[in-house]
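Undergrad: Sequence and computational prediction follow.
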Amino acid sequence: TTMSAQKIMCTVYWDRKSVLLIDFLPRGETINTARYCETLRKLRRAIQNKRRGMLSNGIVLLLDNARPHTAGDTQTLVRQFRWEQFDHPLYSPDLAPSDYHLFLHMKHELGGQRFE
């Protein structure tokens, strides 16, 4: 039998050089504040491993106003990490960076992989 195609959600973080972290959401789970904060901790470790010294040079997150992004625990963690946050306006006519930058990197990183 063949598996039917199923959607899987991932969160992708990248910088101007390459993808830093791809975090897959386990099936049946949703992104809440606790899950999002854990992903930010993974991102911090990925930056430490892949971009030595970058954490002291400043990190900027481009976020929308989704509840996990604006929650108090998330904001506290972002301040604790000393990261800067830029807000991408909801329904903005401007392209998000992922629209023209990310998908090329994702094709390279995920090419040939099969998800079951």
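TA: Structure received. Numbering: from 1, shown residues only.
Undergrad: alpha carbons only for contacts and neighbour counts from here, please
TA: Fine.
Undergrad: right, and the helix or strand after the longest helix seen in the chain?
TA: Longest helix in the chain, counting residues (DSSP state H): helix 33-50. Moving toward the C-terminus from helix 33-50, the next helix or strand (DSSP states H and E) is strand 60-63.
Undergrad: same for the next helix or strand after that following strand, what does it pack against?
TA: Next helix or strand after strand 60-63 toward the C-terminus (DSSP H and E): helix 67-70. Here helix 67-70 touches helix 33-50, going by 3 or more Cα pairs under 8 Å, 6 or more residues apart in numbering; DSSP states H and E.
Undergrad: Show me how far the helix it packs on is from its chain's centre.
TA: 9 Å (Cα atoms, centre = their mean, to the nearest Å).
Undergrad: list the helices and strands the longest helix of the chain packs on?
TA: Using 3+ Cα pairs under 8 Å, 6+ apart as the contact criterion, the elements in contact with helix 33-50 are strand 19-24, helix 67-70, helix 72-81.
Undergrad: Please produce TSV containing these, extended by mean neighbour count and distance to Thr11.
TA: Compiled in TSV, these are given as follows (neighbours: other Cα atoms under 10 Å; distance: least, Cα to Cα, whole Å):
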stretch	mean neighbour count	distance to Thr11
strand 19-24	17	5
helix 67-70	16	13
helix 72-81	15	16
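Undergrad: related to what we said a few turns ago, for the record, mean pLDDT for the longest helix of the chain?
TA: Average pLDDT, helix 33-50: 94.
Undergrad: hmm, back to that, quick one, which of the helices and strands packed on helix 33-50 is nearest to Lys107?
TA: When the helices and strands packed on helix 33-50 are compared for distance to Lys107 using Cα to Cα, the nearest one is strand 19-24, at 10.9 Å.
Undergrad: now the closest one, how far from the centre of its chain.
TA: Strand 19-24 sits 6 Å away from the centroid of its parent chain (Cα atoms, centre = their mean).
Undergrad: In the protein, where is pLDDT below threshold?
TA: With pLDDT under 70 as the threshold, the chain has low-confidence stretches at 1-5, 89-102, 104-106, 115-116.
Undergrad: Could you provide the helices and strands packed on helix 33-50 in TSV, with additional columns for distance to Asn32?
TA: Listed next are the helices and strands packed on helix 33-50 as TSV, based on distance: least, Cα to Cα, whole Å:
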stretch	distance to Asn32
strand 19-24	14
helix 67-70	5
helix 72-81	10
